[in-house]
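Trainee: how would this look folded up:
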Amino acid sequence: MSFFKTTSHEVLRARYNSLLEDVPVAIFTAISALSIQMIVLNSQVHWSLSIATPLLRMLIGCSLLLYWFWHRDERPSIDKIRKRLEIASIVFILAGFFTFWRSVYLYPLTDTFGHYFLIFHNTLYGFCFAFILCKLGPAAYAYNLLMISSAIACIYRGGFEHPHLMTLLIMVFEVGMLITMRGSTTMFDKWVNATYETQALLKDNQRLANQDVLTQLPNRRQFFVQVEQQLVLARQTDECFAVGILDLDNFKPVNDVHGHHIGDLVLIEVGKRLAQVRPEQVRFYRLGGDEFAFHLVTDDEHASLKQVAHDINQAISQPISIDGLLITVKASIGACIICEDNISAQSLYEHADFALYHVKRTGRGNLEIYSKTLEQERMHLNRIDQALRTADIHAELYPVFQPIIDMDANEVCAFESLARWQSPTIGAVSPAMFIPVAESLGMIADITKLMFSRSMIEMATWPDNMRLSFNLSAYDVTNQAVIKALIGMMHTSQLAPDRFVFEITETALLQDFETARDNIGLLRKAGAKVALDDFGTGYSSLSHVQNLPLDKLKIDRSFVKDIETNTTSQTIVRSILALCHGMHMECVAEGAETESQVRFLQAMGCQLIQGYYFAKPMPKEQVQAYLADTKLIPTT
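Mentor: Down below sits the predicted model:
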């Protein structure tokens, strides 16, 4: 027999816990009532019925009370709870049957007072014990029915006047009692379910507050909480503690080319792989986007950290197969190690984040550990940030120009315009340093338009066949308003549109390839030409050549610096030259610093060369003098 088969686990446990508090009350009440019954019936019936039987029932009650006392602090399983409640229900029903039989048997043996006592006794038993133990469900109703039935049976056997009225009175209270029992039990169950749902919701909210929904890794909030706790432990144990931040290299093209659904699946797989990297030593988090973090206890020689970084890239770099696609990603990692200094989790994160920024700017796919050198660079960038915020860009920024030489014509065919900043507070600042800061501050559009305007003023003084090569930042390439503004300025200048060459980098294309391609189309539609700068060093260079309307490629200086001795560089340069020739595009070799490099490039068929050998970037005042010099190109 199962009284609780369909009851939920939560309600079942709650009923059990409630009954643990009610059972001693019920047993104490029953023992007290049996004592009174012994006194009343002692002089009317045989001692075996008036004394022995109640004593036996009292002994059983005391045994149950002792059992309750020994097990009151237990937290039994659901199966054990169900079994105990079913046993209690059976015992309760059997007690009802026994009381019913005993009352009917004793009734003829007692006097008028005994009759009233038995009726009163059974009615109260039926009401009180059924209500106290109503958490037993069907058993409580069965007990109540047995006790009320025995009371009514006694009424009709006693020859009382108006037995129907007495029965009606009992039934009125019985109906109220049953309604109350039902309402109490239902309300209790609803309260338990509501409490459980609230706790489940709170638990789910807590999980969502601390766990990334996509990858199921702990999230950014949990990362800072755990780092703070681990820092306290590290200080107590004098151990070195490391925080690392990793960013997936060139993940954006995955979203752009294959869609965000595929990108999400890649992030999920990356999360799974990270979770398997030394789980006993390292804990990983997803901070947002394609950025993840981890922390670990390491040694002051960084060996553990370096090994973890190696394992991370080994795990991530394995091709990811999704819907028939093979996608490969790598990770750049920035880290900061603290051994003695008292530092906050936020500062530790910022140092690791700057190390990540540095490694992504200087060489992706590697580990960079925050150092004193990076600290000095960070402080320098902070000074640049503060100086640029208050800079008068019209007075402090200006363009310089570096010539591009046509080797076949033995003349300057173009000048590349390069931005320079002379700050009154921090001196000369490299564009490699201040351009990213200007982008982060939202100033780059104004700087771009200012540099373009001043470059066109100087361009107007050049020969009509000489071009201006102008660099666009990543922000510029993906901002249609900036592109349209540059096109408007170009048309207003009355200079031939085909004399303008806009240079873009592959890194800029990664920001938003589709928008960049549309904006490049606008520039070419306006009559300008577009060159892909630093070709060969970015992500999927050939796919950019295939999918973009380009007019020119610029060979990165890294292939030119050792071209005389490095056969790999020679092969790459020859391939790029052949590619440009086959696609009818111009090709410029950057970074030529020696005459032998120029000779080597010229012998390979490179027509356009740029580099310090011919001239460093020069202010506008020196351009005309440079053009007037006829002894620039070495003769064969």
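Trainee: after the lengthiest helix in the chain, next one along is what?
Mentor: What stands out as the longest helix in the chain, according to DSSP state H, is helix 163-210. Per DSSP states H and E, the first helix or strand lying C-terminal to helix 163-210 is helix 220-237.
Trainee: pLDDT below threshold where in the stretch 501-636 of the chain?
Mentor: By pLDDT under 70, the low-scoring segments of the stretch 501-636 of the chain are 510, 536-544, 630-636.
Trainee: one more time with 50
Mentor: Where the stretch 501-636 of the chain drops to pLDDT under 50, the residues are 540, 635-636.
Trainee: quick one: the strands in it, in order.
Mentor: For the stretch 501-636 of the chain, the strands defined by DSSP state E, counting those that start in this stretch cover 529-535, 552-555, 586-589, 608-609.
Trainee: select the helix or strand of this structure having the lowest average pLDDT value.
Mentor: When the helices and strands of the chain are compared on mean pLDDT, DSSP states H and E, helix 541-547 comes out lowest with a mean of 69.
Trainee: which parts of the stretch 51-200 of the chain are helices?
Mentor: For the stretch 51-200 of the chain, the helices defined by DSSP state H, counting those that start in this stretch occupy 53-71, 78-106, 112-132, 138-157, 163-210.
Trainee: quick check: angle from the longest helix of the chain to helix 220-237?
Mentor: Inter-element angle recorded for helix 163-210 and helix 220-237: 70 degrees (by axes from the mean of the first three to the mean of the last three C-alpha atoms, to 10 degrees).
Trainee: select the longest strand from this protein.
Mentor: Taking DSSP state E as the criterion, the chain has its longest strand at strand 411-423.
Trainee: show me what secondary structure element comes after it.
Mentor: Heading C-terminal from strand 411-423, the first helix or strand you meet, by DSSP H and E, is strand 427-429.
Trainee: show me what counts as buried in that next one.
Mentor: Neighbour-count burial for strand 427-429 flags residue 429 (criterion: 16 or more other C-beta atoms under 10 Å). Every C-beta, even on glycine, is put in place using the N, C-alpha and C of the backbone.
Trainee: other SSEs contacting it?
Mentor: Using 3 or more C-beta pairs under 8 Å, 6 or more residues apart in numbering; DSSP states H and E, the elements in contact with strand 427-429 are strand 411-423.
Trainee: need the helices of the stretch 51-200 of the chain in JSON lines with mean neighbour count, can you?
Mentor: Shown next, in JSON lines, are the helices of the stretch 51-200 of the chain (neighbours: other C-beta atoms under 10 Å):
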{"stretch": "helix 53-71", "mean neighbour count": "14"}
{"stretch": "helix 78-106", "mean neighbour count": "17"}
{"stretch": "helix 112-132", "mean neighbour count": "19"}
{"stretch": "helix 138-157", "mean neighbour count": "20"}
{"stretch": "helix 163-210", "mean neighbour count": "13"}
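Trainee: now tabulate these in TSV and tack on mean pLDDT and distance to residue 326.
Mentor: Output for the helices of the stretch 51-200 of the chain, formatted as TSV (pLDDT from 0 to 100; distance: least, C-beta to C-beta, whole Å):
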stretch	mean pLDDT	distance to residue 326
helix 53-71	84	61
helix 78-106	86	48
helix 112-132	85	70
helix 138-157	87	63
helix 163-210	84	33
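Trainee: just list the residues touching the residue most central in space within the chain, thanks.
Mentor: Residue closest to the mean C-alpha point of the chain, counted by C-alpha atoms, centre = their mean, is residue 212 at 3.4 Å. By C-beta atoms under 8 Å, 6 or more residues apart in numbering, residue 212 lies in contact with 218, 219, 271, 285, 286.
Trainee: now with 7 Å, please.
Mentor: Going by C-beta atoms under 7 Å, 6 or more residues apart in numbering, residue 212 touches 219, 286.
Trainee: tell me the confidence at it?
Mentor: pLDDT, residue 212: 88.
Trainee: what about the closest residue to residue 275 other than its chain neighbours, which SS state?
Mentor: Nearest non-adjacent residue to residue 275, counting by C-beta to C-beta, 6 or more residues apart in numbering: residue 284, 6.1 Å away. At residue 284, secondary structure determined by DSSP: H, G, I helix; E, B strand; the rest coil is strand.
Trainee: next, count neighbours for residue 284.
Mentor: 24 (other C-beta atoms under 10 Å).
Trainee: how about the one 5 residues further on?
Mentor: In terms of burial, residue 289 registers 13 neighbours under the definition other C-beta under 10 Å.
Trainee: any idea how far it lies from residue 264?
Mentor: 11 Å (C-beta to C-beta, to the nearest Å).
Trainee: what's the answer for residue 271, then?
Mentor: Remark: distance between residue 271 and residue 264 (C-beta to C-beta) = 10 Å.
Trainee: what about the two, which has more around it?
Mentor: More neighbours surround residue 271 than the other of residue 271 and residue 264, with 18 against 14 (other C-beta under 10 Å).
Trainee: phi, psi of the residue nearest to the centre of the chain?
Mentor: Phi and psi for residue 212, reported as degrees, to the nearest 10, are phi -70, psi 130.
Trainee: cool, and residue 607?
Mentor: Torsion angles, degrees, to the nearest 10, at residue 607: phi -90, psi -40.
Trainee: wait, isn't it in contact with residue 405?
Mentor: No: look at residue 607 against residue 405 with C-beta atoms under 7 Å: they stay out of range, at 9.2 Å.
Trainee: what sits against the closest residue to residue 587 other than its chain neighbours?
Mentor: Once flanking residues are discounted, residue 587 sits nearest to residue 580: 3.9 Å by C-beta to C-beta, 6+ apart. For residue 580, the contact set (C-beta under 7 Å, 6+ apart) comprises 553, 586, 587.
Trainee: also residue 397?
Mentor: Residues in contact with residue 397, defined by C-beta under 7 Å, 6+ apart, are 419, 420, 421, 447, 450, 451.
Trainee: before we move on, back to that, just the contacts of residue 580 now: which is nearest residue 303?
Mentor: Distance to residue 303 across the contacts of residue 580 (C-beta to C-beta) is lowest for residue 553, with 42.7 Å.
Trainee: number of nearby residues for the closest one?
Mentor: With other C-beta under 10 Å as criterion, residue 553 counts 25.
Trainee: and for the one 3 residues further on?
Mentor: When counting by other C-beta under 10 Å, one arrives at 23 neighbours for residue 556.
Trainee: that one and residue 474, how far apart?
Mentor: Distance, residue 556 to residue 474, using C-beta to C-beta: 17 Å.
Trainee: same question, residue 513
Mentor: Distance from residue 513 to residue 474, counting by C-beta to C-beta: 12 Å.
Trainee: before we move on, back to that, make JSON lines out of the strands of the stretch 501-636 of the chain and add distance to residue 225.
Mentor: JSON lines is the format used below for the strands of the stretch 501-636 of the chain (distance: least, C-beta to C-beta, whole Å):
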{"stretch": "strand 529-535", "distance to residue 225": "42"}
{"stretch": "strand 552-555", "distance to residue 225": "48"}
{"stretch": "strand 586-589", "distance to residue 225": "52"}
{"stretch": "strand 608-609", "distance to residue 225": "57"}
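Trainee: contacts for stretch 71-80?
Mentor: 9, 12, 13, 20.
Trainee: restricted to helices, list these.
Mentor: In helices, judged by DSSP H, the following of those are found: 9, 12, 13, 20.
Trainee: just give me the neighbour total for the first one.
Mentor: This means residue 9. For residue 9, the neighbour count with other C-beta under 10 Å is 12.
Trainee: what residues are up against it?
Mentor: Shown in contact with residue 9 (C-beta under 7 Å, 6+ apart): residue 78.
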